[in-house]
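Participant: What would the 3D arrangement of this be:
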Amino acid sequence: DMTQTGSGSPGLRRTLSQMDYELLKHTPDLTNIPPLQRFGFAKKRINDIFEKFKVFLEDMDEFIGNSFIKEDNDLHGEHLDTQNMLRQIESIVQIIDRDHMKVAFFGRTSNGKSTVINSMLRDQILPSGIGHTTNCFLSITGVDVQEPYLLRPDSPDKKNAQTIKRLSNSLSKECLDPNAIVRLYWPKTKCALIRDEVVLVDSPGIDMSPDVDGWIDTHCQDADVFVLVANSESTLMHSEKSFFKRVNAKLSQPNIFILNNRWDCSAGEDTATREEVRSQHQDRTIEFIVDELGLMTRKETSERIFFISAKEALKIRMGQASDLAQGWEERHKEFEDFELKFENCLSASAINTKFHSHALRGRDIANSLNESLMKVEELSFNYRKKCEEERKRKEQQLDFVLKESEAIKHHFKKKIESVGSHVEELVSDALREEILRLSNTVDSFSYPFQKDYINKYKAELENHLEEHLGRNLMDRCHNRISKVYEEIKNEMCGRIQQLMNVQQSAAIGPSQPAIEMQSSFEPIYQIDCQSLFMGFQSQLTFQFSFGPTAMARRFLGPRYSLLLQTLGESSSPQPVSNSRSQVTPRRPSPAPSITHHRSSASVSGDENILLVLATQLLPAFNTKTAITATAIIGGVYNLVGWRVIAATGAVYVGLYGYERLKYTERAMERRFKQQFCDYASIKLHDIVTYTGNCCSTQVQRDLSSTLSRLLSSINGGINVLKTQIATLSAEISRSKDVYDSATSKRIQNDHCRDDLEHYLRLFSVT
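Facilitator: Presented below is the predicted three-dimensional model:
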């Protein structure tokens, strides 16, 4: 396949994924990256560094802005410098984001500039032909779109890409001014060359306009590589030399490639003549580049001169390789050699011209930041030392004042503990009484019962019970708790007011207003029944009075419960009992009770009762007893006959049917309420002590809070001293944080500087 020949062919380019970038991020070996993609790698690398630097400077701006020590010794200058550096970094980030590799193609009219570009793009994109074809500048940029489009210089509207042949063709009536530029945006998927941020610029013939300086200033200032397309049928002309002399005067060390196009015209010549002409062109070009312009050495220049046929290359790459002149393989191979060297040069030049100066500027900014951070460290250290000395003096004053209130605090602390014990006992007794009346509370609940919506019924029952318990506990306990609470609070207020009066008369502290009484205290008696009864599991399956389970219960008595418990533990999964109440957030769940095991075990009791009976009763029978029982059963059969046995069976079945018909949803509801009541009684008993303790804790916490509030008003000087000490402590802490942050940010700044140094070493241009 001639479109894939040559190791440097753009057809073999691959696109680096995000993973590739991460894998290559910390490695200095760039040989594994295709030439043009090195630019993308370098751009991403330096962009990541400056994005990180930008975030760091934004943090630095806020940090230094909040780190003023005092008015006569602040960091205002450093703050302004940081803001200026941040603006510079933001500008660099924007420039880097816009940067791309730019190639400008120049030459005389009809030398094949557009055909060279089409060959490199592997498609007939730009208009080309005999005579003066390209009348204005054309730029080709790769974009992530499906359909190409173009933008005219006089309109922001997207136009069909096909109109480029009319706009840029000098033979068209719609052709534009030679200094104008039409921007063509071509899908990246259709062309490998422009996938890697390469912009190609085609130009009119340099012999068509005298305003060459204007062209250079407008369209070539940011070009990384210039490609001169010359006509191999003639030597390097004066207009071409004049153009590059002006380029060399305006730009520092431009990168130039010289393509001697239409070399297929030499196919009819003998080898000696062809080589003589090639040497003549090459010698004159080297003389111009080396001796007149002084851009490169002779060896470097010889590697930048190529003899090609762009038209042949385009035909080959578009699959139209028929009737080509002799020697086309060599000319196409040289074209591919040009592309490979061109890509290496373009990538290296773009990286150097676009990013190198930014990296150097970033390094200078990092050095300046380091000096600012060292100043912050010095100021914060001295300021912290001064604040620590002042705080020590204030703490000594406060210690003397606080001793006067210690006696009152100790006295009421004991009284609050006594009140807490009383409240705990009061609430616990009230809850026990409510548990005794629990069956009445459950029976008073009225809600439509449906077996299919048992969870909804259970939730409503829990809400009913929760509301009822909370209301009754408040009715029973509120008045007595409030009375005790008010008595001790009034006593505290009286004692504190006396001390305040004494201190005011002695002029120890500032005048204090009379103590304002707070609103009455209302403890919370709420019990979260939904969480408490989460482990409840009802058993509503119909059970026949003369079934195996009921008969076993009648005949085995207490042994039945033991059997079911054993069976439940061995064959039934234990339900999870989460008996946490809203008022008991840290209390572990109580262990499941025997009643709870019975409820779970009964689910499978009927199915396994015969096995249980056999396990427990058969060992009691010996061989003699079994023979006797068999004889008795046979005697009964002979005595009464099969009719009596059948009649007995019919009665048994009738009883079963009667009981089954009577087992309605009303009966299910009664059984559900009874099971729920039994379960709830156990669970509520488990939290009696803790519920009382919670209410006691509420009362003690509120009284302790009241005592603290009253103590804080004993002496205005206490608040003043505490405020001053707190302020000094905050300043000490802030100055320490500033010092630590400055040290940490110096390390971050060093990391940013190291990243830039690493970038400069990795992408250094020799």
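Participant: Lowest mean pLDDT among the helices and strands, pick that one out for the protein.
Facilitator: helix 594-601 (a mean of 36; mean pLDDT, DSSP states H and E).
Participant: other SSEs contacting the helix or strand where residue 458 lies?
Facilitator: Using DSSP states H and E, residue 458 sits within helix 454-505. Here helix 454-505 touches helix 357-436, helix 438-443, helix 529-532, helix 665-686, helix 688-712, going by 3 or more C-beta pairs under 8 Å, 6 or more residues apart in numbering; DSSP states H and E. All C-beta spots, glycine's among them, are computed from the backbone N, C-alpha and C.
Participant: Make CSV out of the ones you listed and add mean neighbour count and mean pLDDT.
Facilitator: Formatted as CSV, the helices and strands packed on helix 454-505 follow (neighbours: other C-beta atoms under 10 Å; pLDDT from 0 to 100):
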stretch, mean neighbour count, mean pLDDT
helix 357-436, 16, 86
helix 438-443, 15, 84
helix 529-532, 21, 81
helix 665-686, 18, 83
helix 688-712, 19, 86
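Participant: May I see the ones you listed organised as TSV, with distance to residue 484 added?
Facilitator: Shown next, in TSV, are the helices and strands packed on helix 454-505 (distance: least, C-beta to C-beta, whole Å):
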stretch	distance to residue 484
helix 357-436	6
helix 438-443	28
helix 529-532	28
helix 665-686	25
helix 688-712	8
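Participant: How much space separates the closest residue to residue 177 other than its chain neighbours from residue 488?
Facilitator: Distances taken as C-beta to C-beta, 6 or more residues apart in numbering put residue 136 closest to residue 177, at 6.5 Å, once the chain neighbours are dropped. Per C-beta to C-beta, to the nearest Å, residue 136 is found 96 Å from residue 488.
Participant: Same check on residue 144?
Facilitator: Look at residue 144 and residue 488: by C-beta to C-beta, they are 77 Å apart.
Participant: now swap in residue 471 and tell me
Facilitator: As defined by C-beta to C-beta, residue 471 lies at a distance of 26 Å from residue 488.
Participant: Looking at the two, which one has more neighbours?
Facilitator: residue 488 (18 against 11; other C-beta atoms under 10 Å).
Participant: Per-residue pLDDT of that one, please?
Facilitator: pLDDT for residue 488: 88.
Participant: Find the residue closest to residue 293 in space, skipping its chain neighbours.
Facilitator: Spatially, and ignoring its direct neighbours in sequence, residue 293 is nearest to residue 248 (5.0 Å; C-beta to C-beta, 6+ apart).
Participant: Please apply the same query to residue 206.
Facilitator: Nearest to residue 206 is residue 243, by C-beta to C-beta, 6+ apart, at 4.7 Å.
Participant: what's the burial count for that neighbour?
Facilitator: Residues lying near residue 243 (other C-beta under 10 Å) number 22.
Participant: Please tell me how far the host helix or strand of it is from the chain's geometric centre.
Facilitator: Using DSSP H and E, residue 243 sits within helix 238-250. Centroid separation between helix 238-250 and its chain, computed with C-alpha atoms, centre = their mean, to the nearest Å, is 55 Å.
Participant: Now do the very next helix or strand once past that helix: distance to the chain's middle.
Facilitator: Note on helix 238-250: by DSSP H and E, the next helix or strand toward the C-terminus is strand 256-261. Its chain's average C-alpha position is 51 Å from that of strand 256-261, according to C-alpha atoms, centre = their mean.
Participant: go on, stretch 724-731?
Facilitator: The answer for stretch 724-731 is 37 Å, by C-alpha atoms, centre = their mean.
Participant: What of stretch 254-262?
Facilitator: Here the centre of stretch 254-262 is set off from its chain's centre by 50 Å, with C-alpha atoms, centre = their mean.
Participant: Send over it as CSV, restricted to the C-alpha atoms.
Facilitator: The C-alpha coordinates for stretch 254-262 follow below in CSV (Å, rounded to 0.1, in the frame of the first residue of the first chain):
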residue,chain,number,x,y,z
PRO,A,254,13.6,31.1,11.5
ASN,A,255,13.4,27.4,10.6
ILE,A,256,13.4,27.0,6.8
PHE,A,257,12.7,24.0,4.6
ILE,A,258,13.3,24.3,0.8
LEU,A,259,11.2,22.0,-1.5
ASN,A,260,12.3,21.9,-5.1
ASN,A,261,8.9,20.9,-6.5
ARG,A,262,8.1,19.4,-9.9
